[in-house]
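Asker: What follows is a protein structure lacking sequence information:
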């Protein structure tokens, strides 16, 4: 009996020894399971992260407990985590909006990224304003969610972001996101190091003006030394490859100084005020430089280059050494033949006139039918004749006259000639008192004092035996045959011109003073303007409608320059109001003297291209991209051009 009791006690002890550990292990099993292993227990998963503290990611600040929502997305299985070769299942657009960083993430191009790689992408692609860069593997919806999180970050964090400019951020700011074939990639723009260095210099200059920084004399001295070193290695470099070898070392030293300065200066409002002051100062300097640029451009446009000053002197010397018989042009009988194609050209620029004549003749189908009537001043009369005597334009006919030959053109007949010689006009250009003068320099061009600029309004008087002419400015180039202009039916209009109302500044209100009641009641301020430079004039209709008298009447009304400023286009718009026939735009393309973006197709299709503006092709300030159209019609091997050192 005693042996049976002992056996029972032994069995009980053995059972207690075996079952107790099992019971204890079973009670602790749920707590030991990971979130992935408890995927069958959603109640446990939803409680994860509530109540425990977690370290914050710098790039992704955590939401508060009250705003934390259950993430919607794929919860990866243990098999999927361990087997990285398996593909993730595809889901509908917008179904997965989880912001959780799993151990495995699939990029846009299908490649598998580890969690630490994703975190590295996010943290290194954080721009200066603290928002994530689109195109770094983040969808639009995720970008919105992350942006809302970042807006709730503290003010101190945003101030630190503003003051701290790391090279990685600069790279992102100067990069482009390109999406090709479903793949998103970051394309870094060139010369990022140059831009980074300049940004560091700007920040350093801001620190120099801060009170807390200036109070530390030793730091201020060191900072100035670092700035000088960086400026020296930067020099005139415009690209990264131009930087000196020790540039990185100097820039890092400056960055270290800026980190110290940031610790000394915590008030961002002072930095903002300093930056605003610097911006205001830069804007003032920019305004001053723009004014100076306008003045210098106007000065360069009015200045005669040395070569163009030499040329008429050499030509005049040769002309007066010729026999009187050799000073005459051939085929003078063609000058009054109305069946030929006649051109009027008024200029004192020999080289420009030569290009106009040469380009017209070389592109003409029948050069012998073209007649050029050139009028210049007394000073350039002999040189102009000598040029065309020594460089005859093929079979075309040339006539050269000077203003003195038109004895009928005097003060009593021409109001504009009387005004140009008046003391008030001379004082306007050459007087010392400029207080009440016009601030716009383009209206102060002395070319307006030359009657050559106004001869276009006297074509019927200058050429009484001709019925139709084409007027050409000296800053144009002819690219095609112009004989078709004479066959255009102008329907009773006097002037044929290309309209220029494509831009707002080519309307009537930009040339005429519509605050004057005489102008306001006579013209439409939004009427389309047109171009002087290549015009067809019906001289017979001009005489019949007495256009010259209309021109004189308006010039008398504008004696005090209250209707329009000086020039020929405003009185032309008035004189030929409702008397202008619009030509096709392909006849005349403008803007090559001021606009670097003239459509190349328009230039190629144009019959005439016009270098209107200050940047004439014979000046150094001329636009290089258009100069070849002009220079191709000059022979730079000609002796006079070589002697005066005139080159293309």
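Answerer: Received it, and whenever you're ready, just let me know what you need. Remember, it's a predicted structure, so these values are computed and weren't measured experimentally.

Asker: Okay, now the unreliable bits of this structure?
Answerer: 1-2, 20-190, 265-267, 428-448, 503-505 (pLDDT under 70).

Asker: For it, which segments are assigned as strands?
Answerer: For the chain, strands defined by DSSP state E occupy the ranges 104-106, 112-114, 175-180, 183-188, 341-346, 370-376, 397-402, 468-472, 476-478, 495-497, 534-538, 580-582, 588-589, 608-610.

Asker: Which one of those strands lies nearest to residue 283?
Answerer: Closest to residue 283 of the strands of the chain is strand 175-180 (Cβ to Cβ; 28.2 Å). For every residue, glycine as well, the C-beta is placed using N, CA and C.

Asker: list the buried ones in stretch 463-473?
Answerer: 463, 466-473 (16 or more other Cβ atoms under 10 Å).

Asker: go on, stretch 325-341?
Answerer: 334-335, 340-341.

Asker: Would you check how far apart the closest residue to residue 525 other than its chain neighbours and residue 587 are?
Answerer: For residue 525, ignoring the flanking residues on the chain, the nearest one in space by Cβ to Cβ, 6 or more residues apart in numbering is residue 509 at 3.6 Å. The gap separating residue 509 from residue 587 is 26 Å, by Cβ to Cβ, to the nearest Å.

Asker: now swap in residue 318 and tell me
Answerer: Applying Cβ to Cβ to residue 318 and residue 587 gives a distance of 37 Å.

Asker: which one of these two has more residues nearby?
Answerer: residue 587 (20 against 17; other Cβ atoms under 10 Å).

Asker: Tell me which residues touch that one, please.
Answerer: For residue 587, the contact set (Cβ atoms under 8 Å, 6 or more residues apart in numbering) comprises 485, 498, 534, 606-608.

Asker: between those residues, which is nearest residue 417?
Answerer: residue 534 (25.4 Å).

Asker: now the closest one: how far from residue 451?
Answerer: From residue 534 to residue 451 the distance is 21 Å (Cβ to Cβ).

Asker: So for the two, which sits in the more crowded spot?
Answerer: residue 534 (27 against 18).

Asker: domain parsing for this protein?
Answerer: Domain ranges of the chain: 192-299, 306-644, per the TED database.

Asker: and these, which is most packed in?
Answerer: With neighbours defined as mean count of other Cβ atoms under 10 Å, the domains of the chain peak in mean count at domain 306-644, which reaches a mean of 17.

Asker: show me the contacts for the residue lying closest to residue 454 once chain neighbours are set aside.
Answerer: Leaving out its chain neighbours, the residue that sits closest to residue 454 by Cβ to Cβ, 6+ apart is residue 416, at 5.2 Å. Contacts for residue 416 were tallied using Cβ under 8 Å, 6+ apart; they are 451, 454, 457, 555.

Asker: Counting only helices, which of the residues you listed make the cut?
Answerer: Residues of these located in helices (DSSP state H): residue 555.

Asker: If we only consider the contacts of residue 416, which is nearest to residue 324?
Answerer: Among the contacts of residue 416, and counting by Cβ to Cβ, the member closest to residue 324 is residue 451, at 28.0 Å.

Asker: Contacts only, for the closest one.
Answerer: 403, 409, 414, 416-417, 420.

Asker: Name the nearest of these relative to residue 529.
Answerer: Nearest to residue 529 among these, with distances taken as Cβ to Cβ, is residue 416, at 20.4 Å.

Asker: Let me have the contacts of residue 416 in TSV, extended by distance to residue 323.
Answerer: Shown next, in TSV, are these (distance: Cβ to Cβ, whole Å):
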residue	distance to residue 323
451	32
454	36
457	38
555	44
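
Asker: Closest one of the contacts of residue 416 to residue 363?
Answerer: If you rank these by distance to residue 363 using Cβ to Cβ, residue 457 comes first, at 28.1 Å.

Asker: pretty sure the closest one contacts residue 548?
Answerer: Yes: counting by Cβ atoms under 8 Å, residue 457 does reach residue 548; the two are 6.5 Å apart.

Asker: on that earlier part again, can you pick out the most distant pair from the contacts of residue 451?
Answerer: 403 and 416 (13.2 Å).

Asker: Contact partners for residue 614?
Answerer: Contacts of residue 614 (Cβ under 8 Å, 6+ apart): 297-298, 300-301, 593-594, 621.

Asker: ok, so of the residues you listed, who is nearest residue 612?
Answerer: residue 593 (5.0 Å).

Asker: show me what contacts the residue lying closest to the closest one once chain neighbours are set aside?
Answerer: Nearest in space to residue 593, with sequence neighbours left out and distances taken as Cβ to Cβ, 6+ apart, is residue 613 at 3.0 Å. By Cβ under 8 Å, 6+ apart, residue 613 lies in contact with 591-595.

Asker: Distance of residue 613 relative to residue 226?
Answerer: 46 Å.

Asker: was I right about residue 647 contacting residue 636?
Answerer: Yes: using Cβ under 8 Å, residue 647 makes contact with residue 636 at a distance of 6.1 Å.

Asker: And the residue lying closest to residue 404 once chain neighbours are set aside, how far from residue 312?
Answerer: Sequence neighbours aside, residue 378 is the residue nearest to residue 404 in space, at 5.6 Å (criterion: Cβ to Cβ, 6+ apart). Per Cβ to Cβ, residue 378 is found 12 Å from residue 312.

Asker: rewinding a little: give me the distance between the residue nearest to residue 525 and residue 553.
Answerer: Between residue 509 and residue 553 the computed distance is 22 Å (Cβ to Cβ).
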